[in-house]
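In: With the input below, show me the fold.
(one chain, ligands or ions: 1)
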Amino acid sequence: MTTYSKQETLLQVNNLCLAYNHRPILQNINFTIHNIVRPNMHQGQVVSLLGRSGVGKTQLFRLLAGLQTPTAGSIIINNNKQVQAGDMGVVFQHYYLFEWKTIYQSLLMAAKKNPSLAGNEKEAIHKWASEFDITEVLAQYPQQLSGGQRQRASIIQQLLKGSPFLLFDEPFSGLDVCVLDKVTEMLLQVSVSDELKTLIIVSHDIETSVAISDTIFILSKPPGEQAATITKEIDLIERDLAWHKNVHHQQGFIDTLEEIKASL
Ligand SMILES: Nc1ncnc2c1ncn2[C@@H]1O[C@H](COP(=O)(O)OP(=O)(O)OP(=O)(O)O)[C@@H](O)[C@H]1O
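Out: Predicted coordinates:
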C-alpha cells in the first residue's frame, strides 16, 4: 500500500441544489477534495464524477465551473472563496479554441492572463507544446488540427492560465483507443506537474475514469427521487488501485467497475 496523507481541503461542495421551474435536477450534493500528499512525490488530485446520461452531469459541471448559479448551497475553494466563472480552467467537450487565431496566438492570450508567467510566456508555451507534441501545429488555425491535437491545445491553453483546478467535460468521448491512451497519459502528467493541481473529470466512461483517478464520486438518483445526488464515494487509494499502471487486469479494478455499474 502506498504511503500518503490527505491534508488541507482544496474544494468543498455544500448542500448544492439546482432546480429549473421548481423541478429539482440536483439535490444536496456534498463532497470534499483534499490535498493528497505522498512523501517525495509531486502529486495532484484526479477526481471523477460519474453518472448516467441525463442524470445532471453537465449541470454539475457548469455549477463547478461557476457558469451557473445554484438554487441553494455553495462551492468553496481556497478555504473561503465561493467559486466564480474563471476560477477553474475549463476544458469543454468540443475543445473550444478561437477559430480566427493561430494556436500560438490563443496560447499566448492564455499565458498573458497568468501573472506568474510574466515575461516567460513564450518559453512556457514552447515547453508545454513540446511536452504534448503539438509544436508543429503552433502556427496553424484550429480547423487545420486533428481532434486529438485540438484537445491537447485546449488543455495547454487552460494550463497556461495557471488555475489550480482543471475541469474536464467528457474528455474521453469519441476518442479511438490509441488517442485515449495518449489523453489519459497526458492527464496523469498534468496531475503530477504540481502538488496542488486538481483535475475534476465529469464523464460516463467508467473504465478510463477509474484507471486514472484517485477518487470516484457517483452521481445518481436514489430510488423514488426526482433529483440526483452523490450516492457513493469510492476511495481508489484505499483500494490500492490509484497510481498504478496497467491496473485494468487486477481483480479489485474489475470488481470496482461492477460495483459502479450497479450503482449508476
Ligand atoms: N435549461 C434547462 N432547463 C430545464 N431543464 C434543463 C435545462 N438544462 C438541463 N435540464 C435538465 O437537466 C437534466 C440533466 O441534464 P444534463 O445535461 O446535466 O445531463 P447529463 O448527465 O450531462 O447528460 P448527458 O450525459 O446525456 O450529456 C435533464 O433532465 C435536462 O432535461
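
In: Identify each buried residue in the lowest-mean-pLDDT helix or strand in the chain, please.
Out: Every helix and strand of the chain was ranked by mean pLDDT, DSSP states H and E. The lowest is helix 177-191, at a mean of 80. Neighbour-count burial for helix 177-191, with 16 or more other C-beta atoms under 10 Å as criterion, is recorded at 179, 180, 183, 184, 186, 187, 188, 190, 191. The way it works is simple: take the backbone N, C-alpha and C, and place the C-beta from them, glycine included.

In: Under a three-state scheme, what state does the residue minimising distance to the centre of the chain occupy?
Out: With distances taken as C-alpha atoms, centre = their mean, residue 200 lies nearest the centre of the chain, 2.7 Å away. When classified by DSSP: H, G, I helix; E, B strand; the rest coil, residue 200 comes out as strand.

In: What's the separation between it and the ligand?
Out: Residue 200 is 14 Å from the ligand, where distance means C-beta to the nearest ligand atom, to the nearest Å.

In: One more: residue 142?
Out: Distance, residue 142 to the ligand, using C-beta to the nearest ligand atom: 23 Å.

In: Count the neighbours of the nearest residue to that residue once chain neighbours are set aside for me.
Out: Leaving out its chain neighbours, the residue that sits closest to residue 142 by C-beta to C-beta, 6 or more residues apart in numbering is residue 97, at 4.2 Å. By other C-beta atoms under 10 Å, the residues close to residue 97 number 20.

In: about what we covered before: tell me which other helices or strands the least confident helix or strand of the chain touches.
Out: If contacts are counted by 3 or more C-beta pairs under 8 Å, 6 or more residues apart in numbering; DSSP states H and E, helix 177-191 sits against strand 45-51, helix 147-161, strand 198-203, helix 206-212.

In: For it, which outside residues touch it?
Out: 43-46, 131-132, 147-148, 151-152, 155, 159, 166, 168, 171-172, 175, 197, 199, 201, 208, 211-212 (C-beta atoms under 8 Å, 6 or more residues apart in numbering).

In: show me the contacts for the closest residue to residue 99 other than its chain neighbours.
Out: The shortest distance from residue 99 to any non-neighbouring residue, by C-beta to C-beta, 6+ apart, is to residue 142 (5.4 Å). When contacts are counted by C-beta under 8 Å, 6+ apart, residue 142 is found next to 97, 98, 99, 103, 106, 150, 153.

In: filter these to the buried ones?
Out: Using 16+ other C-beta under 10 Å, the buried ones in the contacts of residue 142 are 97, 103, 106, 150, 153.

In: now the helix or strand hosting residue 218 against strand 45-51, angle please.
Out: Counting by DSSP states H and E, the element that carries residue 218 is strand 215-220. Relative orientation of strand 215-220 versus strand 45-51 (axes from the mean of the first three to the mean of the last three C-alpha atoms, to 10 degrees): 20 degrees.

In: chain center to strand 215-220, what's the gap?
Out: 13 Å (C-alpha atoms, centre = their mean, to the nearest Å).

In: Numbering from 7 from now on, please.
Out: With the count now opening at 7, the last piece we talked about shows up as strand 221-226.

In: That one near the ligand anywhere?
Out: No: if you take C-beta under 6 Å from any ligand atom as the test, strand 221-226 misses the ligand, and the best it gets is 7.6 Å.

In: which residues touch residue 81?
Out: Listed by C-beta under 8 Å, 6+ apart, the contact partners of residue 81 are 17, 18, 19, 20, 22, 69, 70, 72, 88, 89.

In: quick one: which helix or strand includes the third one?
Out: Using DSSP H and E, the element containing residue 19 is strand 11-26.

In: what comes up buried for that strand?
Out: 12, 16, 17, 18, 19, 22, 23, 24.
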